Every structure is written in structure tokens, then in C-alpha cells.
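J.: give me coordinates for this.
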Amino acid sequence: MTAGRTMLRPIEPRDRSAVVALLRRGFPQSCPSFWERGLERQAALQPDRFGLLLERASGVVGVLLTLRSQRFRDDGSRFEAMNLSSWYIEPPQRLKATAMLRAALADETELVTDLTAAESIYRMNAAAGLSPWSSGMVLAGPLPWLAKPVSRGVQIRDLAAAATLLPPWEADLLEWHRRDGCLAAVLCLPDRALPLLFRVIRRRGVRFAQLIYAPDRQRVLAHLPAVMRFLVKNRLFFVAIDAHREICPAGALFRAGRQRFWRGPGDSVARLDYAYSELVLLGVS
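T.: Numbering: from 1, shown residues only. You can find the predicted model right below:
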């Protein structure tokens, strides 16, 4: 490579050590094994598709991890989902950030998520066509929801008891995450069955559930009495659901905070889809 020239290219298996070293500089709080484990888990889902790097003759100067997985439409056709994960560029090369993001977003048929963007990236995401999936989170505890009746014909069942109610690909998605430590369930409504995934998190000694997958989060919020009964049965007493303030139900608390972004299929605005993302593969918040 010519001295002074910068090249943008896909991450290859041979780049692993350089990528981990650069991510260590950008995120010094995370040890090498943290990144190695995440890359190994991504490789098991989509071999050799890790993201983009920015390279000069002197070495790697920028990296953007793109965690990829597959989804299916109702007609059985598949499409890619891509989570824009950890991103770091050495300060002298920061002007290349827009080109790097544009290259990552070149395929407009993908579902794209950015779940941990810094506030400095919000404007760049908007310019790239990504929309906020949330502006904070709805927080709910057992009261007043355990005191409210569950709607007629509504129940939440464990995945093992209700997997046959889901398309095979969606049952497989839930089962993969269940084996990975998530809580998988099916919200059975009179007109449909909704797959649900919760990530179990501990904060200040308290275990709570974070909703990380649901085709329609508003229907989950509409049935919080059933949701809370299911979670309490699993010894989880609080739930967090990323959302906008206007859909926070009375009796729950809305806490403004980090925006999570998406771009993709038209029905995605109703969904919550953090499956196979950095929240799972890397365990970040």
C-alpha cells in the first residue's frame, strides 16, 4: 500500500489480532478475551463476515464491527439483519467516518440496527437514513400490574410449550437465545402468537428482564399484567422495554436515555429486534 493512502476493506480472518488490538485502544475497559469471544460467536453465525476496517501502510487505523444474522418474511423469503456494533477510528482519520458508515449501509434491503451509538453519532445516523427505535425505556415493576386482571384469552407460555405456534425460523431464533441464557416465551393472543425474548440483567443486586425481541412491542405493553405474571414466575420483578414516551402506559415509568436506531423493512417500526446483536453476542448494555 502506498504511504499516506487509506484503504477501506472487509475484515478478514487474518485481521483478527489487529482488530482486537485497535478495539482495545478504543475501548480500554474491555479485555482482549471480550472481543475474541464476540468475534468467535459472530463467526459461528456468519463465518468470516465481521465488518469493515480502515487501513494505512502503518497498519489498521479504524474498525466497524457489523454483526450479521438472518430473518424471514411471512412468505418465507429471507433477508439480512446487520447490527452496527463497536466502532473506533484513530483521531487523525476521523474524517473517514462518514465514508465508512456509507459503505456499511450500502445494501438497502437489510434490517440495520445501531443500539449503542454515542450522542455524537445521532446526527450521522439520521443523515444515513436510520430512525430512532426509542428515545428511552419503559420501566415496570410488579405493582400495579399484578393487581390488574389479565385480558380474556391472553396468556404467556414457555417456549417449550408453545414452539409449534411459531414459524420454524422464529422458534429456532428463540431456542438459540434460550440456550444462550435468555428467557424465551410466546405471548398467546386471541388473534396471533407473538414470540418474546428477554435478556436477564443484574443491576445493583436486582435481576430484571430487558425485552430484546418482539414483533409488536405495543402489544407487549398493552398486556403488562400477563407479562409481569410470567416474569415474576421466573423470579424477575422488573422489566425494561425500549420505546418512546408516547407509548408508555399509565402505571409504568418512562426514563429518557439512549436512542437506538434502525433502518429496514416497513414493519420494523412496530418491532423490537435485538436478536444476535451486540447486546447478546458481546453482552453490552
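J.: helices and strands of this protein: which one has the lowest mean pLDDT?
T.: Every helix and strand of the chain was ranked by mean pLDDT, DSSP states H and E. The lowest is helix 32-45, at a mean of 88.
J.: check which residues of that one are buried.
T.: 34-35, 38-39, 42 (16 or more other C-beta atoms under 10 Å). All C-beta atoms are positioned from the backbone trio N, CA, C, and that covers glycine.
J.: please apply the same query to stretch 89-101.
T.: Going by neighbour count (16+ other C-beta under 10 Å), the buried part of stretch 89-101 is 89-90, 96-97, 100-101.
J.: what sits against the nearest residue to Val220 once chain neighbours are set aside?
T.: Once flanking residues are discounted, Val220 sits nearest to Ala214: 5.1 Å by C-beta to C-beta, 6 or more residues apart in numbering. By C-beta atoms under 8 Å, 6 or more residues apart in numbering, the contact set of Ala214 is 187, 194-197, 220, 271-272.
J.: and which of the residues you listed is nearest to Lys148?
T.: Nearest to Lys148 out of the contacts of Ala214 is Val220 (C-beta to C-beta; 14.9 Å).
J.: distance of that closest one from Ala104?
T.: Using C-beta to C-beta, to the nearest Å, we find Val220 at a distance of 30 Å from Ala104.
J.: repeat that for Pro132.
T.: In this view, Pro132 and Ala104 are 19 Å apart by C-beta to C-beta.
J.: more neighbours: which of these two?
T.: The residue with more neighbours, out of Pro132 and Ala104, is Ala104; 21 against 18, by other C-beta atoms under 10 Å.
J.: after the least confident helix or strand of the chain, which helix or strand is next? Please name it.
T.: Using DSSP states H and E, the helix or strand that follows helix 32-45 in sequence is strand 51-56.
J.: and the strands in the stretch 101-250 of the chain?
T.: With strands called from DSSP state E, counting those that start in this stretch, the stretch 101-250 of the chain shows them at 111-114, 131-140, 155-158, 183-188, 193-203, 206-214, 239-243.
J.: list the contacts of Thr164.
T.: Applying C-beta under 8 Å, 6+ apart, the residues near Thr164 are Ala171.
J.: and the helices in the stretch 151-285 of the chain?
T.: 159-162, 168-179, 217-222, 224-233, 278-281 (DSSP state H, counting those that start in this stretch).
J.: let me know which of those helices is tucked in deepest.
T.: Comparing the helices of the stretch 151-285 of the chain by mean neighbour count (mean count of other C-beta atoms under 10 Å), helix 278-281 ranks first with a mean of 23.
J.: report the rounded mean pLDDT for that one.
T.: The average pLDDT within helix 278-281 is 94.
J.: other SSEs contacting that helix?
T.: helix 32-45, strand 59-72, strand 78-89, strand 206-214 (3 or more C-beta pairs under 8 Å, 6 or more residues apart in numbering; DSSP states H and E).
J.: quick one, which of the ones you listed gets closest to Ser151.
T.: Closest to Ser151 of those, according to C-beta to C-beta: strand 206-214, at 16.8 Å.
J.: and the closest one, which residues are buried?
T.: Quick answer for strand 206-214 (16+ other C-beta under 10 Å): 208-214.
J.: end-to-end on stretch 179-195?
T.: Here the two ends of stretch 179-195 are set 16 Å apart, with distance taken as C-alpha to C-alpha, to the nearest Å.
J.: again but with stretch 195-213, I slipped
T.: With C-alpha to C-alpha as the measure, stretch 195-213 spans 7 Å from end to end.
J.: find the nearest non-adjacent residue to Leu67, please.
T.: Asn83 (4.3 Å).
J.: returning to what we had before: now the buried residues of strand 206-214 as JSON lines including pLDDT and distance to Asp75?
T.: As requested, these are exported to JSON lines (pLDDT from 0 to 100; distance: C-beta to C-beta, whole Å):
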{"residue": "Phe208", "pLDDT": "91", "distance to Asp75": "37"}
{"residue": "Ala209", "pLDDT": "97", "distance to Asp75": "32"}
{"residue": "Gln210", "pLDDT": "97", "distance to Asp75": "31"}
{"residue": "Leu211", "pLDDT": "98", "distance to Asp75": "26"}
{"residue": "Ile212", "pLDDT": "97", "distance to Asp75": "25"}
{"residue": "Tyr213", "pLDDT": "97", "distance to Asp75": "21"}
{"residue": "Ala214", "pLDDT": "97", "distance to Asp75": "21"}
